[in-house]
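K.L.:
got a sequence here, can you build the structure:
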Amino acid sequence: MHSIVVSAQGGPEVLECAERPDPVPGEGEVVVDVAAAGVNFIDIYHRSGAYPLDLPTSIGMEGAGTVSAVGPGVRDLAVGETVAWADVMGSYSGKVVVPAARAVPVPDGVPPDIAAAAMLQGMTAHYLTHSTNEVREGDQVLVHAGAGGMGQLLIRLAKLKGAKVYTTVSTDEKGELARQAGADEVLRYDDFTDALRGKIDVVYDGVGRTTFDGGLEVLRPRGLMALYGAASGPVPPLDPQTLNRKGSLFLTRPTLAHHIAQREELLQRASDLFGWISAGQLPINVSRRYPLAEARRAHEDLAARRTTGKLLLLP
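P.N.:
Numbering: from 1, shown residues only. Here you go, the predicted model:
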């Protein structure tokens, strides 16, 4: 099989397409022929060294495909079944070993590439809007980077919950995409603070360094900052007294792994997503599809913000 391998952390040039032996499933594992693998900012963090890895390794955390081999002890998955997963390292490959406890059956109404595109970002948007902060009807919500894959999903899920959603974008074209996702008001990064000061119940911030301070300013007293990413760089250290002075604010830095650690919770979140997708309530915008060998270009496009939706690699 072919796999994208990182032997030294650095820029996109360290991503190499290499031939590797086909994997064999161990106890409690399945091998999946990958139909599509999702490209996410966490992959850039792994590649660059922001999140250190034991090298060499294949990267990628998300995908979907067909089970081709079942290891000992696996009873609820069978060869030929379509499954999807998130938070499984090595997904940029033609075949991947997935712990059976992490594999989610994909219903017939959801194509494998759409399942792959929905897992990591979709379940992140799910826990942010249903667990980190349970959005309620009438809430005032700010979603940064509303034209991106995560931004569009957060907008759509917050609207399903009855919130009024504001979002930030960098261009008119991206603003139109955010409106199509359901955003009530679209702002630019340089003017959102003054426009929204003191109005917002929860800020969903995956941008980080360049938006964080302004996000604190727009929160109402006892509002919540949910910082789930750092596309523009990490946020500098914060004096907790700042949260006091600005209105007893709440700040959290959640991650998906802690919200799907139990299989029951993983299946519930995935079931909700696939149900909304099948019902047409949650369109998944796949911006670009790349051959596996073009992983470098996918990383370059994502980092440069040349895309407005989900990116997929197709082995």
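
K.L.:
how near is the residue most central in space within the chain to Val186?
P.N.:
With distances taken as C-alpha atoms, centre = their mean, Gln121 lies nearest the centre of the chain, 2.6 Å away. For Gln121, the distance to Val186 (C-beta to C-beta, to the nearest Å) stands at 20 Å. Placement of C-beta: from N, CA and C, glycine included.

K.L.:
try Gly309
P.N.:
For Gly309, the distance to Val186 - C-beta to C-beta - is 16 Å.

K.L.:
same question, Val286
P.N.:
To Val186, Val286 is 22 Å away according to C-beta to C-beta.

K.L.:
what's the answer for Val24, then?
P.N.:
For Val24 relative to Val186 (C-beta to C-beta), the value is 50 Å.

K.L.:
pick out whichever of the two has more residues nearby.
P.N.:
Val186 (20 against 10; other C-beta atoms under 10 Å).

K.L.:
tell me the bridge partners for that one.
P.N.:
For Val186, the beta-bridge partners are Thr167 (DSSP bridges).

K.L.:
what's the pLDDT at it?
P.N.:
Note on Val186: pLDDT of 98.

K.L.:
wait, it sits on Thr167?
P.N.:
Yes. Using C-beta atoms under 8 Å, Val186 makes contact with Thr167 at a distance of 5.7 Å.

K.L.:
mutual contacts of the two, please.
P.N.:
Jointly contacting Val186 and Thr167 under the rule C-beta atoms under 8 Å, 6 or more residues apart in numbering are Gly146, Ala178.

K.L.:
what ranges do the helices span in the stretch 1-150 of the chain?
P.N.:
According to DSSP state H, counting those that start in this stretch, the stretch 1-150 of the chain carries its helices in the segments 41-48, 112-127, 149-160.

K.L.:
can you put those in TSV and add distance to Glu13 and mean pLDDT?
P.N.:
Below are the helices of the stretch 1-150 of the chain laid out as TSV (distance: least, C-beta to C-beta, whole Å; pLDDT from 0 to 100):
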stretch	distance to Glu13	mean pLDDT
helix 41-48	10	94
helix 112-127	24	97
helix 149-160	24	96
